[in-house]
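*Asks:* with the input below, show me the fold.
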Amino acid sequence: MSMLVYPQLGTGAISQYPIKKTRRVRTVINEAADGSTVRLADPAGETTEWQLDYAEIGDEEAAALHQRFAAA
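*Replies:* A predicted model of the protein is given here:
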């Protein structure tokens, strides 16, 4: 099994600006019978989302990005 590698653009970069990164976390809240609450972080509920927008890239570069997305 080969490791997936993010394709580089013709310029050698892997992305273009602007780049948007969104991190989402989840907190579990447990309410006791007496009405008090306990809040705990849920590491299994964390996600990170990247939004990469590309402009003026060639057909080969676009195909490499599409292939990487499909393989992932």
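*Asks:* list the contacts of Val28.
*Replies:* Under the criterion of CB atoms under 8 Å, 6 or more residues apart in numbering, the contact list for Val28 reads Arg39, Leu40, Ala41, Asp42. Quick note: C-beta positions are derived from backbone N, CA and C, even for glycine.
*Asks:* change it to 7 Å
*Replies:* The neighbours of Val28, taking CB atoms under 7 Å, 6 or more residues apart in numbering as the test, are Leu40, Asp42.
*Asks:* quick check: it vs Thr48, distance?
*Replies:* The spacing between Val28 and Thr48, counted by CB to CB, to the nearest Å, is 19 Å.
*Asks:* what of Gly35?
*Replies:* From Gly35 across to Thr48, the span is 35 Å (CB to CB).
*Asks:* between the two, tell me which one has more neighbours.
*Replies:* Remark: of Gly35 and Thr48, Thr48 carries more neighbours, 9 against 6, as counted by other CB atoms under 10 Å.
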